[in-house]
Each structure stands twice: as structure tokens, then as C-alpha cells.
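Colleague: 3D, please:
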Amino acid sequence: MLLGALEAGGTKMVLSTGDEKGNIFERISLPTNAPAETMPAIIDFFKNKNIEALGVGTFGPVDLDSQSATYGYITTTPKTPWVNYPLYDTLKNALNVPVGLDTDVDAAAISEHAQGAAKGLSSCLYVTVGTGIGGGIVTNNRILHGAMHTELGHIIMRPHKNDPMPQGCCHYHDGCLEGLASGTAIEARWHVKAVTLPDDHFAWELEAYYLGQMCANAVLLYSPHRIVLGGGVMHKQHLFPMIRKNTQQFLNGYVKIPQITDDIDSYIVPPALGDNAGAIGALLLGADALAASK
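Modeller: Presented below is the predicted three-dimensional model:
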């Protein structure tokens, strides 16, 4: 079957075609401008491909309550033109195919659980650390949804004693994870792009402190079988051993399971699917939507 995949990001839209096994056939990207400019280009691309279904992993927050009158609407995003935008309805009405929709980070969590770093495990946490921070949780082999999707990036952190910007840079919350440890936060704190900072810069000690604190909290809250850390900031591979060490320090010997005490290198890991995780997850969402429609 031919499926479409849309990774709707805050900076760019990635449009792919592929199949239910996660094979990607074609991929293009477009800048995320206002809906009036961006959506017609997305619709034109997929209309010309004769896809059977579309999977969407989108930036959020997004309404994922299928019983809600605003299901599939992007809600309180800081990207003002997209506030209360009916993404699901617009795509479904224009393409007339089944549409499976979730957050971008949930889509990546689904793919890493099905085919990647958490394959064969019943639970995992996938975290993307980039322009923003988000997390997707798989538990009992299903993505976790409740009253809404999770917002891991906005949990409140204990600030580092030497952080020159302990309040962070989030417009909604002082001291939240995204406001302290996202790529946006790194740039706001040091006034340069994160990628330009040398590996021995104090920025990375702060980054490992906050991400290690997040991982420790995730262990205590969700007890996932594996934590997968992706996104642009995590291309800095030297962060992984620092984050693992901070995780253990925050847990302080309280959690005595082998994954934490003896094999943390295999517990907190990078994505196995790399930058394909979002597209593959969207393809799997599309396949599920097609199956549910029959």
C-alpha cells in the first residue's frame, strides 16, 4: 500500500510517501509558514501521489480527544497563525483518505518502539531535544494518551546552582525543562547556536544536569524499559555519558534495578532510526488509520 506521512514541525514540514513497513520512497520539506501558504502546498503534494491513507505527526499542543468537537486542532501553540487551526479536518476533507494523527514526538516514539531502539520492549520513553522539548510514552505496547497528550517539555526543574539563566526562556513557565534545556534555551543563555559550542563548554554540563534530572523523574513516574533521546541537540553524542551519570546521581541509589545500576549505557540511548523516526512513525499512523477504516 502507498501511504503518506506528514511531519508537521514548527520550523519545517516534511512530506514523505512510503508503505506500512516504514519504507520511505520519497521525501521533501517545506518551511512552516502561515497555514494559508503552507497547507495548499501540502495538499497538492499528497493529492498527486494517490495515497491510500495519511499519517501525521504534528507540533502541538494538539487536541487528540476523538470525541472532542476540536479533534485534530492545533491549540495554544506560540506559532500564532496556527492557533486553533483544524489540521485534521483540513487534510481529511481535502484528500478524502483516512488520516491518523498524533504529536510529532508520539510518532517518533511509536516508530522507535516498533522498529528502533525499543523494539521488543513493552514500554519506552522517547524524548526529542531540539528547538523545543517533547516526550512520547509507550506503555503496555500502546502510546499513552489521557485527558491530553503528555507535555514533558513543561515539567518544572530544580535549577542548577550556577545556571546564569535559572528562570529559563519559556513564555508560559519559569524554570521548565524546555525553557532551560532546549536548543532555543541554549541559544538564549549563551547567545550563540548550540552547534557552535565546544564540547568542553559549561553549556553541556547544564544540559546534562537538566536532561539527567528529567530522566530520573521519568524513571520514577513511568518506569519505562528504555529511554530514547533524540532531536538536534542530542547529535552531541558526548552528552549521553554525562546524562547517564546525572540520572544516577538524581536517583541516588533509590532505584535498584540492573538497567540503572549496571547497564545504564543500554538504558538511555540515541534513536536507532535516526532522523527517520518521525516519518516512519507517521507511516505507521497512516497504516493504522487505513486498517481502522475497513
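
Colleague: Which residues are in contact with the spatially most central residue of the chain?
Modeller: Nearest residue to the geometric centre of the chain (C-alpha atoms, centre = their mean): residue 105, 2.3 Å. Residue 105 makes contacts with 57, 126-128, 134-136, as judged by C-beta atoms under 8 Å, 6 or more residues apart in numbering. Just so you know, the C-beta spots here come from the backbone N, C-alpha and C atoms, and that holds for glycine as well.

Colleague: and which of the residues you listed is nearest residue 25?
Modeller: Distance to residue 25 across the contacts of residue 105 (C-beta to C-beta) is lowest for residue 57, with 17.7 Å.

Colleague: what distance separates the one helix or strand the closest one maps to from the centre of its chain?
Modeller: Assigned by DSSP states H and E, residue 57 falls within strand 53-58. From the chain centre to the centre of strand 53-58 is a distance of 14 Å (C-alpha atoms, centre = their mean, to the nearest Å).

Colleague: Now the residue nearest to residue 154 when sequence neighbours are not counted: phi and psi?
Modeller: Spatial nearest neighbour of residue 154, chain neighbours left out: residue 176 (4.7 Å); criterion: C-beta to C-beta, 6 or more residues apart in numbering. Per-residue torsions, residue 176: phi -90, psi 160 (degrees, to the nearest 10).

Colleague: now residue 176: how far from residue 268?
Modeller: 21 Å (C-beta to C-beta, to the nearest Å).

Colleague: Give me the pLDDT value at the nearest residue to residue 85 once chain neighbours are set aside.
Modeller: In space, and not counting its chain neighbours, residue 85 is closest to residue 74: 4.8 Å by C-beta to C-beta, 6+ apart. At residue 74, the model reports a pLDDT of 96.

Colleague: Other residues contacting the strand holding residue 57?
Modeller: Under C-beta under 8 Å, 6+ apart, the answer for strand 53-58 is 1, 3-8, 46, 74, 87-88, 91, 95, 97-108, 278, 281-290, 293.

Colleague: of those, buried ones?
Modeller: Taking 16 or more other C-beta atoms under 10 Å as the criterion, what is buried in these is 3-8, 46, 74, 87-88, 91, 95, 97-108, 278, 281-290.

Colleague: Those residues in helices, which ones?
Modeller: Counted as lying in helices by DSSP state H, out of these, are 46, 87-88, 91, 95, 104-108, 278, 281-290.

Colleague: could you say what helices and strands the longest helix along the chain packs with?
Modeller: Longest helix in the chain, counting residues (DSSP H): helix 202-222. Other elements packing on helix 202-222 under the criterion 3 or more C-beta pairs under 8 Å, 6 or more residues apart in numbering; DSSP states H and E are strand 124-129, strand 133-139, helix 177-181, helix 183-190, strand 227-230, helix 239-251.
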